[in-house]
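> Would you be able to build a 3D model of this:
(chains A and B)
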Amino acid sequence: MLLTVRDLHKTYKSGTHALKGVSLDVKEGEFLVVIGLSGSGKSTLLRCINRLVEPTSGTISFLNQDIAHLKGDQLRKAKRQIGMVFQQFNLVKRRSVLANVINGRLGSLRTLESIFRSYSDGVLADANKCLETVGITDYANVRADTLSGGQQQRVAIARSLMQNPRLLLADEPVASLDPATSNSVMQYFEKINKELGTTVICSLHFLSLVRRYASRAIALKAGEIVYEGSPDDIDQTWFKRIYGEEAEEVEIV
Amino acid sequence: MNEISAMGSDRAVPVAAGEKAGRRIKYIKATFLDIFLAFYSILVVQRAIYDRFILDLRDLPFSWTETGAIFILSCVIGAWWTYTRTSLSCRLFGIAKNNNVAEWTVEIFGWFLFDITFIAGWITTKISIVSLFSGEGVQGAARLFGALFTPQFGILNDALFAMIETIYIALIATLLSIPPALILSFFTARNLMKENKFTYAIYYILRIILNFVRSIEALIWAIIFSVWVGIGPFAGMLALLVHTIASNARLYSEAIESIDQGPVEAISATGANRIQIVWHAIVPQIVLPFLSYTIYWWDINVRMATIIGLVGGGGIGNLLMQYQGLARWREVGLIVIMIAFVVWVMDYVSGRIREAIY
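Residues are numbered from 1 along each chain as shown, chains lettered A, B, ... in the order given. Next up, the predicted model:
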C-alpha cells in the first residue's frame, strides 16, 4: 500500500470540523478521484496528505512512514516524494517557465546552490524533459504569466514532475479551465499515471471527467467518506446523495 | 448549521452572560465619552468663546480650582446623561433609548459640538480678513512677488552646487536605507511572522519601534543630528536616512504581506526549506514593488532635503535660509524657482519609471 490514511480529523481554528475521521487506502499506480461539494473537505484531505495543512489527529502512512507526525528535515524529505498541482496553478508569475519548473527540484538542492541558481546540467536536462512530457518546450524562456491557463497548468504539472514524485496530488486542477482545455490537461495526468506509473489523487467537479479518468473514486460529504468504489457505479441515486437533492448533473465534453 | 444549534442549546448561558458583560463595558465607555464631551464643551465655551472672544483677554488665566470644578461638573452631567440613555455616546455605542428625546439630543448636541469646535478653531487661528487685504500688507507682498519673479542669476553657480548637493543627499539617504529597510521588512511582515509566538513578539516590537521613529518628522531628526554630528549635509542625510528606513520598511513589509500565497504554498509543497521559499517564491514577487517604492522615496527625499536644509541640513535649503535672512528676495526667487523645477522633474521622472516597472 502506498498511502494509508486512518481516522484523519481536521478542525480549523475557526471551529470548522473539515474532516471527521477519514480512512483511506491508496495502492501504487491508482488514479483516485475525490469528489464532493465545495467545502466537503476535498482540499483539506489533499493538503493534509502533504502537510500543507496540519491534521488535528489521525495517521497518514506514506511508504510505511507516518508523515502526519514528521518534523523538519524528515518532513521535507517526505514532501519531496509528493507532488502537488493546484487549481490556481500557483506559478511564480514574473519568472520564466523553466525557472518555475526547476523550482520543483528545490527540495533536493542545497540552499546556496539554489540561491545562486547554479544548477547542474543534469537539473537543466531534467527540467527540459519534464517540459517535453507536458509539451511546452517552446515556451521554456518566456514569463510564466504570459501563457494561457491550460499552458500554465501544464507547467505546474512539469514542476511537480521535477520531484520525481511517487504520489501526485491535484487539487481541482481543471476547475479554472474551459472544458476543452480541462480535457487536455486531464490527459497529461492520465499519461503520467500510465506511462510513469505515478499514483494520482485528484479532486474533480465534473462526473464525466471522473468516469473517464478515474480508476477509483471516493466521495466526501461534510468531512466524511460517503462513497467509495468504481466511478461507473455512481448513478443518479448516489449522485443525489453526494451532491444533495437539488443537484443535477452537467455534462462536459 | 451544526454550530449554530450547538450554541443555542449547550452554550445558552455563557452567551447571555457575555452579552451582559459586553453591555456593561459599553455603558462604561459611554459614560467616559459623555464626561469627556461635557468637559470639552464647557471648556471650549468658557475659555475660547467667552474669555478670548467676548472678553477679548490676551492671556488666558489658568487655575486648577476652576478647571477642577468644571471637571467635576462634567462628571455629574456625563454620568447623568449616560444614565438616562439619551446621550450622543449612548447612540454611538448602540445603547440609547428609542424615543424623541434621545433623537433630538443627538441631533442638537451633535451640531452644537461641531459649531463650537469650528468657532473656537476660527478664534484660535486669529483669522482676520482685515489684515489679509490691508493696503500696506498687499504692497509688501506685491514687492516680494515681484522680486521672486525677477530672479537674480548672479548666484546661479552657488545655487546649482547647492541643488546638486541636495539631490546627492537624498540619493545617498535612499540608497543607504535599502539594506536595513529590506531586512526589517521581512521581520515586520505579518504573514511571515505570525507562525509562532516568539516571532510574533519580534514583529510586534519592531512595528512599535518603526511607528515611533516614523512619527518623528525628518525635520526633527535633522535638528537632533545637526547637534550630534554638526550642521551640514551629513546631518541632513542622516535625518533622511532614519526616516526613510522606517517608512520604507513599512512599505516593503506591506508589499510582502500582499503577495500571492499560492507560489509559497506550491514551493513549500516541493519540500523546499524556509530560505528557499523566501528566495524563490517571495522575492520574485516583491522585487518590482520594492524598486518602485525606493524610487518614490528618492523623489520624496529630494523634496524633504530642501526643507531639512532650513534647519542646518545642508544643500539648497541652507542657501535659501541665508538669502532669506539677508532679505535678498531676488536671490531667494532664483532658489525657489530652481527647487520647483527640480521637484517637478523628479516627480515626473519617478512617475514614469514606476509606470514602466508595473
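> burial measure for residue B:42, as a count.
17 (other CB atoms under 10 Å in any protein chain shown). (Glycine included, C-beta is placed from N, CA and C.)
> Kindly report the same for residue B:76.
Residues lying near residue B:76 (other CB under 10 Å) number 11.
> what about the strand or helix carrying it, average pLDDT?
Using DSSP states H and E, residue B:76 sits within helix B:64-83. Mean pLDDT, helix B:64-83: 90.
> need the contact list for the closest residue to chain B within chain A.
Going by CB to the nearest CB, chain B is nearest to residue A:107 of chain A, at 2.9 Å. When contacts are counted by CB atoms under 8 Å, 6 or more residues apart in numbering or on different chains, residue A:107 touches A:76-77, A:79-80, A:163, B:270-272.
> Once you drop chain neighbours, what's closest to it?
Leaving aside its chain neighbours, residue A:107 sits nearest to residue B:271 (2.9 Å; criterion: CB to CB, 6 or more residues apart in numbering or on different chains).
> Dump stretch A:70-89 to PDB, keeping only the CA atoms.
C-alpha atoms of stretch A:70-89 as PDB (Å, rounded to 0.1, in the frame of the first residue of the first chain):
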ATOM      1  CA  LEU A  70       7.200  14.100  10.900                       C
ATOM      2  CA  LYS A  71       9.100  17.300  11.500                       C
ATOM      3  CA  GLY A  72      11.900  19.400  10.000                       C
ATOM      4  CA  ASP A  73      14.200  17.700   7.500                       C
ATOM      5  CA  GLN A  74      12.400  14.400   7.500                       C
ATOM      6  CA  LEU A  75       9.100  16.100   6.700                       C
ATOM      7  CA  ARG A  76      10.800  17.900   3.800                       C
ATOM      8  CA  LYS A  77      12.200  14.700   2.600                       C
ATOM      9  CA  ALA A  78       8.800  13.100   2.600                       C
ATOM     10  CA  LYS A  79       7.300  16.100   0.800                       C
ATOM     11  CA  ARG A  80       9.800  15.700  -2.000                       C
ATOM     12  CA  GLN A  81       8.200  12.500  -3.000                       C
ATOM     13  CA  ILE A  82       4.700  14.000  -3.100                       C
ATOM     14  CA  GLY A  83       4.000  16.400  -6.000                       C
ATOM     15  CA  MET A  84       1.100  18.800  -5.900                       C
ATOM     16  CA  VAL A  85      -0.900  20.700  -8.600                       C
ATOM     17  CA  PHE A  86      -3.200  23.500  -7.600                       C
ATOM     18  CA  GLN A  87      -6.400  25.000  -9.000                       C
ATOM     19  CA  GLN A  88      -4.800  28.400  -9.400                       C
ATOM     20  CA  PHE A  89      -1.500  26.900 -10.900                       C
END
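> thinking again about what came up before, so how far is residue A:144 from the residue of chain A closest to chain B?
Distance, residue A:107 to residue A:144, using CB to CB, to the nearest Å: 20 Å.
> just residue A:7 next, same as before
40 Å.
> Which one of the two is surrounded by more residues?
More crowded of residue A:7 and residue A:144, by other CB under 10 Å: residue A:144, with 24 against 12.
> Grab the nearest non-local neighbour of that one.
Nearest non-adjacent residue to residue A:144, counting by CB to CB, 6+ apart: residue A:91, 4.3 Å away.
> Now do the same contact list for the one you found.
The neighbourhood of residue A:91, defined by CB under 8 Å, 6+ apart, consists of A:100, A:144-145, A:152, A:155-156, A:159, B:263, B:266.
> got the contact list for the helix holding residue B:76?
Residues from elsewhere that reach helix B:64-83 (CB under 8 Å, 6+ apart): B:27, B:30-32, B:34-39, B:42-43, B:46, B:87, B:89-90.
> Any of these buried? List them.
B:27, B:30-31, B:34-35, B:37-39, B:42-43, B:87, B:89-90 (16 or more other CB atoms under 10 Å in any protein chain shown).
> Enumerate the strands of the stretch 151-300 of chain B by residue range, in sequence order.
Read by DSSP state E, counting those that start in this stretch, the stretch 151-300 of chain B holds no strands at all.
> low-confidence ranges in it?
Judged against pLDDT under 70, the stretch 151-300 of chain B has no low-scoring part.
> Ok, chain A next?
Low-confidence segments of chain A (pLDDT under 70): A:250-253.
> Can you identify each of the strands in it by residue range?
Here chain A has its strands, by DSSP state E, at A:3-11, A:17-26, A:31-35, A:57-62, A:65-66, A:82-85, A:167-171, A:199-203, A:216-221, A:224-229.
> before we move on, back to that, may I see the contacts of residue A:91 organised as a markdown table, with distance to residue B:229 added?
Listed next are the contacts of residue A:91 as a markdown table, based on distance: CB to CB, whole Å:
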| residue | distance to residue B:229 |
| --- | --- |
| A:100 | 49 |
| A:144 | 49 |
| A:145 | 48 |
| A:152 | 54 |
| A:155 | 54 |
| A:156 | 54 |
| A:159 | 52 |
| B:263 | 44 |
| B:266 | 49 |
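> Most neighbours among the residues you listed, please name it.
Sorting the contacts of residue A:91 by how many neighbours each has (other CB under 10 Å) puts residue A:159 first, at 34 neighbours.
> How about the contacts made by that residue?
For residue A:159, the contact set (CB under 8 Å, 6+ apart) comprises A:83, A:91, A:100-101, A:103-104, A:130, B:266, B:270.
> And the residue nearest in space to the middle of chain B, how far from chain A?
Against the mean C-alpha coordinate of chain B, by CA atoms, centre = their mean, the closest residue is residue B:215 at 6.7 Å. From residue B:215 across to chain A, the span is 33 Å (CB to the nearest CB, to the nearest Å).
> Let me know whether residue A:167 touches residue A:198 as I believe.
Yes: counting by CB atoms under 8 Å, residue A:198 is a contact partner of residue A:167 at 7.2 Å.
> shared neighbours of the two, anything?
Joint contacts of residue A:167 and residue A:198 (CB under 8 Å, 6+ apart) are residue A:83.
> residues in chain A within reach of chain B, list them.
Proximity of chain A to chain B (CB under 8 Å from any CB of the partner chain) is limited to residues A:15, A:50, A:52, A:76-80, A:82-84, A:86, A:88-95, A:103-109, A:111, A:114-115, A:156, A:159-160, A:162-163.
> Make a ChimeraX selection of the buried ones in those.
Buried residues within the residues of chain A next to chain B, by 16+ other CB under 10 Å, are selected in ChimeraX with:
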select /A:50,52,76,78,79,80,82,83,84,86,88,89,90,91,92,93,95,103,104,105,106,107,108,109,114,156,159,160,162,163
